[in-house]
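Trainee: Just need the structure, nothing else, for what follows:
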Amino acid sequence: MIPCTLQHTLNQKILSLFPGEEHCYHSADSQTFEAGVDKHAEPVPIELLQSFNASGLPLSCLSLKKGCPIIILRNLDPKRGLCNGTQATVMNQNLNSHVLEVRLMGGDHDGEIALIPRITLLPSIHTVDHAIHFKRRQFPIQLTFAMTINKAQGQSIKYVSIDLRTPVFSHGQLYVAFSHATSYNCIKVLLENETETRGNLTPNVVYNEVLLD
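Mentor: Reported below is the predicted structural model:
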């Protein structure tokens, strides 16, 4: 589990070591304009829209291989187990450009085969640090060799590696990070280089007000 800024880089590096042929799926991005507000807004190049990687939004260039693990980013069909946070593996050998065939992992639908379509997604205004409004049509998934602590909530993982070179910043995050393995012997932690003042320590953010009755 890692900070969001490192997630995509690490996932791509591990994917390059994963066996099989890599396929890249490009999104269809377009700028949107709010009536009465963006009347005089200048259009921006598509290349700029494709460079935006807001939290919770799939990459514009989504690289996949058969058998690679993914996580679903939207509630598509909860009755069939296609929910935000569901993990799966890519199944189809000749990856289709319109739908993805995946095998679900965990939960009541473990092992079932499902199809994931491309959908149109809007980034949250809370996660996009710019004034450009846009939409992206892409598969609502991302690689999950590595994931953020927040995205790992609810997951059961046999072996966990936690990158804490950037310390946690929110109440309960450290607990969430350490609570996904069945044994502390299955957890590895990466810290910044040890110093005389800190040693092998990392901050634990606790809001005492939350613990009060």
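
Trainee: for Cys61, which residues make a bridge with it?
Mentor: Beta-bridge partners for Cys61, by DSSP bridges, are His26.

Trainee: so it touches Cys24, yeah?
Mentor: Yes - taking contacts as C-beta atoms under 8 Å, Cys61 lies within contact range of Cys24: 5.2 Å. Every C-beta, even on glycine, is put in place using the N, C-alpha and C of the backbone.

Trainee: After the longest strand along the chain, which helix or strand is next?
Mentor: Ordering each strand of the chain by length in residues (DSSP state E) puts strand 99-105 first. Under the assignment DSSP states H and E, the closest C-terminal helix or strand after strand 99-105 is strand 113-117.

Trainee: and the following helix or strand past that next one, how far out from the chain's middle?
Mentor: Using DSSP H and E, the helix or strand that follows strand 113-117 towards the C-terminus is strand 119-121. From the chain centre to the centre of strand 119-121 is a distance of 16 Å (C-alpha atoms, centre = their mean, to the nearest Å).

Trainee: and the following helix or strand past strand 119-121, what does it pack onto?
Mentor: Using DSSP H and E, the helix or strand that follows strand 119-121 in sequence is strand 134-138. In terms of contacts (3 or more C-beta pairs under 8 Å, 6 or more residues apart in numbering; DSSP states H and E), strand 134-138 is packed against strand 28-31, strand 119-121.

Trainee: Next, format these as a markdown table and append mean pLDDT and distance to Leu76.
Mentor: What follows is these, written out as a markdown table (pLDDT from 0 to 100; distance: least, C-beta to C-beta, whole Å):
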| stretch | mean pLDDT | distance to Leu76 |
| --- | --- | --- |
| strand 28-31 | 90 | 18 |
| strand 119-121 | 94 | 8 |
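
Trainee: Do a quick rundown of the strands in this protein.
Mentor: Going by DSSP E, the chain shows strands at 23-26, 28-31, 61-64, 69-72, 87-90, 99-105, 113-117, 119-121, 134-138, 141-143, 160-163, 187-190.

Trainee: Report the buried residues of the first one.
Mentor: Residues of strand 23-26 classed as buried by neighbour count (16 or more other C-beta atoms under 10 Å): Tyr25.
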